[in-house]
Every structure is written in structure tokens, then in C-alpha cells.
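A.B. asks: Quick one, fold the following:
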Amino acid sequence: MKVANDDVKLEGRILFLAESPEMIRQQLSGQNLVWDSSMRLRNDISTDEITPAHICFYYDETLGQFPYVGLKAGEDFPIKKGDVRGGGFVVSVSGKRRGKGSSREASPYAELCAGIQLVIAESIERIYKQNCQNLGLLTSTNFGLLEKIRCGEAIPLEEFTRGEDKITRQIIEYGGLFPYNLARLRGQVQVPAITTPRRPMTMAEKIFARHFVKDLSKDQIGVGAVRPGDTGFVRTDLRFSHEYVTPMAISFFYKYLGPEAKIKDPQSVLFFRDHLTFLDEVMPPDRRALGLLDLATQLRVCQEETGRTQNVKLHGEIAERKGSEAICHAMMLESYALPGQLIIGSDSHTPHSGAIGCVAFGVGTTDLANAWMTKDVRVRVPETVRFVINGKRPSNVTAKDIVLLLLRSEYVRSGKALGKIIEYAGDAVADMDIDERATMTNMAAEIGGFTGLVVPDEKTVAYLMRERSLSRLAAETYCEGCFSDVDAEYADVITIDVSALRPMVALPGDPGNGVFVAELGREVRIDMAYGGSCTAGKKEDMDMYAQVFQAALAQGKRIHSGVHCYIQFGSQEVRRHAEKMGYLEIFNKVGAQTIEPSCGACINAGPGASTEKSQVVISAQNRNFPGRSGPGQLYLASPLTVAASAIAGVITEYKPGQW
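C.D. replies: Residues are numbered from 1 along each chain as shown. Purely as a prediction, here's the structure:
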């Protein structure tokens, strides 16, 4: 890419990521296609498809060999190692919701290292787009650029900055976030002041206002009010990362700041070893032969060494049993997050902590590394959509079923929730305990939201007293001011009645493929049932698995003979709860295998993931993108439905008293 006189000239080929594998192969063989609006492009390309989980063991320019190797076109995976770099492609084109899913910056970094300089898509997910901007990878939704690029025309840089806030424009102009922030620290760029007058605000807007950085050099924090579109940097209360991301972040950190650079306020930074704890048990021989297990081990070693040298607390593996202390999101909610805080994490499910009224959101590697330097992170205050969920839930309907219902709604599927704050409210939410609320906020990531949260209430106070040993006064003090003003402005208010809702499953391929179990229309036999992950490895989830299994045992039933069932704890605290309640004995008697905390199956790195295309899995995790949890067919469901299906051997509703 040549940039001269504020013009961009892209010299190379255009790669259309089409639905047709034959069309992709034509391009890889050397044929150049011309854009036609009738061309069927792949929608919903996730970061799992751009860089599958095992590819993320690399965190340097080697990633450039691998973009799109997980991309599914039809029933094929037409792009192989080296195809993109070897094909001379500089532009990558796709359909709606480009870059959905995990916040892994390895994906745009792999594209960049492969020679891609511009991504064009009908719509682009927030975290992915921000990661592209931070790295210097241009993005656009203007398909009119394709003909200009094909003809070799120069494109004004303004084409890629138009409509962006001043800070984002400057980041694009500087070629990335690190060059911009270094200029900011040197006083070479000015961050525009927030001038919004006092106004009614949502709870999230109030939290942003309290955390906006007025003057970094003078440590002045907080403004009177904000509105959607206000842009700047916000001071973080907590910053966390896991072993999948920490090494790349530290490589960026040292690259730009030098090997002696120190993380600012390391006491507010946390590291977690939670993603690859069981990888050695499930990695196939062919990947071992490529040295991928050794690469994965180096991720752990790098994070441990960084924790020691930077004085950052690491929640790692436990000595007495194989497993981790906790999945990062579980421990953040259990032990660290507090109402009104602003939290960033290296994972798209960081909104988990919004269950108690935090603004918690995932960021990319460059954002994280920059936050180690400045303790703040760039934001553009999003609009808020309020989902008012009313009605008395049937006893076999859970928060997961409600989220699957939202995900299949036209509002979400059309992209109207993209990048927005999701504020959950209503009678049904008020009736939920914190763990079920965490399922709702956690899966704001699947909805495509910036974050999800619930306004604190008496249940929040009770949770903080019970789980964090806070006094009532302390708990109530943290909750003060954490509410939305009555006349606050929302982008949309969506009201849903769940009193007649029935258990749901998401069909393989996408969490938005939700149907009622009763709508399946055929008997779906399963090979595996998995209950775990950050979404479904909480205390209340264990209560649900045990409820179903105990009822089955009372009728002399166990896990179906053709099914392998796994129950994985989200944290050691959850395991202690299960032990105290007698659930370990129930799980053992019913024939379920318990697993220590780790992300595991959810990222194809632990027991519970499929190993063959023919296998059918029902899982309580959050995502079922192609290949994310193995090559099999993965259905998403609630803990109750997963447990009932494990007993029946087919996907089935749990009906209290059925056994």
C-alpha cells in the first residue's frame, strides 16, 4: 500500500470470500473476479474462521501463512496454508457481520501479515474493526471502491476516515494505535474535550462519564455528562488477559516501548491461565507433529515470565489436580468486579461481569498493550438498546433460552444491535439471580453488542454480601448511582414476554440459528453432551445439571449408553459449591465426567469437543461457529436441556417430573 499526499494506492489482487468454494478456488488458481452485486458473499465470518484456535498459538508474522484456513464455503474449507500470501491479495471482501465472535487480534494481524491491506464488508463487528484500525489495516463498507482498486486508481485516505470520530481518524492517519498513543504521550496530538451538557443518562453512560480522561498528564478523570458518539479515552479499573493473548500483547508492548518498559499500576492487571490447560490431552497427533503443543506451552511460559517481571498477579494452574484456578470471566465476577466499574479484558465475553452493573467489554491485543502503558482505553460511547424481558418464565426455561430467542430475532439478525450497549431489564430479569444474569450479559457478545449489563438491585447486594463477604453498607455503597435515569435516551426499547417461551436449541453453525426443541421435527441423536464454559459453568448452572440428574437417578436412569457427558466447573469456587451440595456424587452416579476449570471444549482445547464430522454434540457453551469446538455438528442449549438430552440420548426438553 502506497500512501502519498493523503492518497492510498493498493497494488495487488482482490479476494472475494464467496459462499461458493469453487469461486474461491478459481481465485486461488489465479483468476481475478470482477465485483457483481449478484455475487453471493459469505456472511457472518467469525474470527474463529479467519484464524482457528490452534493457529493462535503463533503470535508473530508466521500468522500470515494462515488467514481463512478455517473459512467454510459450502461444505468445504477451500483456503489452505500460504494461499492468501502466495496469491498476492491486498483486498479481502465479504458480506454482513465480518469478524464476529472472539476478540482475537490474531485474525486481522494474520490478514495484515499475509498482505491484506483493506477489508471491505457489508457490515463489520466492533472489536474486529477496532483491531484493524489499531494495527493499520484499513476497513470500509463501500463496495464502490472495488472498481477503483481494480483499475489502479488512488483513493483519498479520507475515504477510510470519513464518518469516524477525530481520534479514530488520527489513529488511521498515524497507521495504528501505538504510533498514535506515543504521539499522545509526547503531547503531539490533542484529544478533543467532552463538552456534552448535563442530560439524563443510562447507567452505562454514567459509568463512562465518571471514567473519561480529561487530562492524562495531570491524571484528571471524569466529566459531567456524555452522550452516544462522544469519543476519548476512559480510565480502566481492571485490565485482564489470558495466555492466548498476553504473549502477543507483551511483544507489541516491548516492541514500541523497549524491553525495560513497565506496566502502569500492575496491581490493577490480572493474568489468567485458563484456555489451554487440557490441550495436551486432546491435540491430534498431526498437530503435535507440527510442534503446535510446544508453541502452546510457550504461551504459558511467556505469560508466567511476564507476570513475574511485571509484578502482575497470575491465576494459573492448581497443584493438587489438573486444571486451572478459574476461567477468567468466572473469577472476575466472583472475586474482582464491582458495580460501577469499567473493566477491559482480552476476550469478547468480558461483559460477563455486567451482571452486577459494570461496563465490562472485550478489547483487542493492541488496545490491551496500550492500556498497560496508559491505563486507559479508547472508546466511542455507544448507543444503548434496552431489552425489557417480562413474564414468569416456565420452570424449564432459562436465561440461555431467552438469549437464543433474542439471537434469532429480526432485530439482532439484521444487525441493529451491533456495537450497542445491551441493558437488560424487566420482570423476568429481576427474577433472575446473578449467575443467570451473567449468562445474559456474557452472551451480549453473540448478540454483537458492545457490552451487556443489568442495573444493580437487592439481588446484587445479596450477591456481594454472600460471595464477596461485603457488609450490607459496603455493598449498597458500591451500587449507589448505578441506575438509568427515567428519561434516559435509548436507541431502541424492545419488549419481550417470555411467559410462554419453551426450551430452545441453536442449530449447528451459528448461535442465531435458534429453534424450539419441539420444532426440530425429527429425533436428533447425540454422541456428546457438554455442560461448562464461562457461560454455563457457574454455581446456578451446576444446580440445574444436578436437578435433572437427581431426578433421573430417582427413576433408575443414567447417562444414555451412547453418550459421553462432561460437566466442567467455571472455577474452583464453583467446584467447592458442587462438592458442598453433594453434586459430585450425583454427577458420578449418573455417569457424567467432571472436569476442572478451563475454557476447554468451547475452543476445541479440552474434553467435550468433537473429533469427527459425524459426531453430534449438545453443549451449554456460547458459540457453535463452524470448527470452533471440533469438526462435528454442535447444537447450543441450556444446562437443563443439555442434561436432559444426555439422559435421553437425543435432544429433548427437560420437563419437571418426566422421569
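A.B. asks: Which of the helices or strands spans residue 494?
C.D. replies: Per DSSP states H and E: residue 494 is located in strand 492-497.
A.B. asks: partner strands of that strand, parallel or antiparallel?
C.D. replies: Note on strand 492-497: by DSSP bridges, its sheet partners are strand 384-390 (parallel).
A.B. asks: quick check: mean pLDDT across the partner strand?
C.D. replies: Strand 384-390 shows a mean pLDDT of 98.
A.B. asks: Centre of the chain to stretch 395-408, how far?
C.D. replies: Offset of stretch 395-408 from its chain centre (CA atoms, centre = their mean, to the nearest Å): 19 Å.
A.B. asks: Now that stretch: buried residues?
C.D. replies: 396-408 (16 or more other CB atoms under 10 Å). The way it works is simple: take the backbone N, C-alpha and C, and place the C-beta from them, glycine included.
A.B. asks: and the gap between the closest residue to residue 569 other than its chain neighbours and residue 368?
C.D. replies: The spatially closest residue to residue 569, leaving aside those adjacent along the chain, is residue 575, at 4.3 Å (CB to CB, 6 or more residues apart in numbering). For residue 575, the distance to residue 368 equals 29 Å [CB to CB, to the nearest Å].
A.B. asks: swap in residue 603?
C.D. replies: 18 Å.
A.B. asks: And the two? Which one has more around it.
C.D. replies: residue 368 (27 against 24; other CB atoms under 10 Å).
A.B. asks: In contact with the more buried one, which residues are there?
C.D. replies: 239, 241, 245, 249, 344, 346 (CB atoms under 8 Å, 6 or more residues apart in numbering).
A.B. asks: Please parse this structure into its domains.
C.D. replies: 2-163, 504-648 (automatic domain parsing).
A.B. asks: can you list the ones you listed in CSV and add mean pLDDT and distance to residue 265?
C.D. replies: CSV is the format used below for the domains of the chain (pLDDT from 0 to 100; distance: least, CB to CB, whole Å):
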stretch, mean pLDDT, distance to residue 265
domain 2-163, 93, 21
domain 504-648, 96, 25
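A.B. asks: and the ones you listed, which is most packed in?
C.D. replies: For these, the largest average neighbour count (mean count of other CB atoms under 10 Å) is found in domain 504-648, namely a mean of 22.
A.B. asks: What segments of the stretch 551-659 of the chain are helices?
C.D. replies: Ranges of helices within the stretch 551-659 of the chain are 572-580, 583-590, 639-648, based on DSSP state H, counting those that start in this stretch.
A.B. asks: could I get those as CSV with distance to residue 430?
C.D. replies: What follows is the helices of the stretch 551-659 of the chain, written out as CSV (distance: least, CB to CB, whole Å):
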stretch, distance to residue 430
helix 572-580, 24
helix 583-590, 27
helix 639-648, 21
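A.B. asks: so which of the ones you listed gets nearest residue 74?
C.D. replies: Closest to residue 74 of the helices of the stretch 551-659 of the chain, according to CB to CB: helix 639-648, at 28.5 Å.
A.B. asks: ok now that closest one, how far from the chain's centre?
C.D. replies: So, by CA atoms, centre = their mean, the centroid of helix 639-648 is 25 Å from its chain's centroid.
A.B. asks: what packs against it?
C.D. replies: strand 528-531, helix 539-554, strand 616-619 (3 or more CB pairs under 8 Å, 6 or more residues apart in numbering; DSSP states H and E).
A.B. asks: Compare those and report which one is nearest to residue 656.
C.D. replies: Here helix 539-554 is closest among the helices and strands packed on helix 639-648 (CB to CB), at 7.6 Å.
A.B. asks: ok so, going back, between the helices of the stretch 551-659 of the chain, which gets nearest to residue 363?
C.D. replies: helix 572-580 (25.7 Å).
A.B. asks: And for the closest one, what's in contact with it?
C.D. replies: 318, 323, 325-326, 330-331, 334-335, 537-539, 542, 546, 569, 583-584, 587, 594, 596-597.
A.B. asks: ditto for stretch 502-513
C.D. replies: Contacts of stretch 502-513 (CB under 8 Å, 6+ apart): 44, 394, 396-397, 400-401, 404-405, 407-408, 412-413, 443, 446, 514-518, 520, 618, 622-626, 633-638, 640-641, 651, 653-654.
A.B. asks: Now do the helices for the stretch 101-250 of the chain: every range, in order, please.
C.D. replies: Counting by DSSP H, counting those that start in this stretch, the helices of the stretch 101-250 of the chain are 106-113, 126-135, 145-150, 158-161, 166-174, 177-185, 203-211, 246-257.
A.B. asks: Output these as CSV; include the columns distance to residue 267.
C.D. replies: Below are the helices of the stretch 101-250 of the chain laid out as CSV (distance: least, CB to CB, whole Å):
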stretch, distance to residue 267
helix 106-113, 28
helix 126-135, 25
helix 145-150, 47
helix 158-161, 37
helix 166-174, 28
helix 177-185, 21
helix 203-211, 18
helix 246-257, 17
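A.B. asks: So which of the helices and strands packed on helix 639-648 is nearest residue 18?
C.D. replies: strand 616-619 (28.2 Å).
A.B. asks: Determine how far that closest one lies from the middle of the whole chain.
C.D. replies: The answer for strand 616-619 is 20 Å, by CA atoms, centre = their mean.
A.B. asks: For that strand, which strands pair with it and how are they oriented?
C.D. replies: With DSSP bridges as the test, strand 616-619 pairs up with strand 528-531 (parallel), strand 633-637 (parallel).
A.B. asks: which residues touch the longest helix belonging to the chain?
C.D. replies: Of all segments of type helix in the chain, defined using DSSP state H, the longest is helix 292-310. Under the contact criterion CB under 8 Å, 6+ apart, helix 292-310 has outside partners 54, 57-59, 243-244, 246-247, 250, 262-263, 266, 269, 271, 273, 276, 279-280, 283, 287, 312-314, 316.
A.B. asks: Thanks again, I'm all set now.
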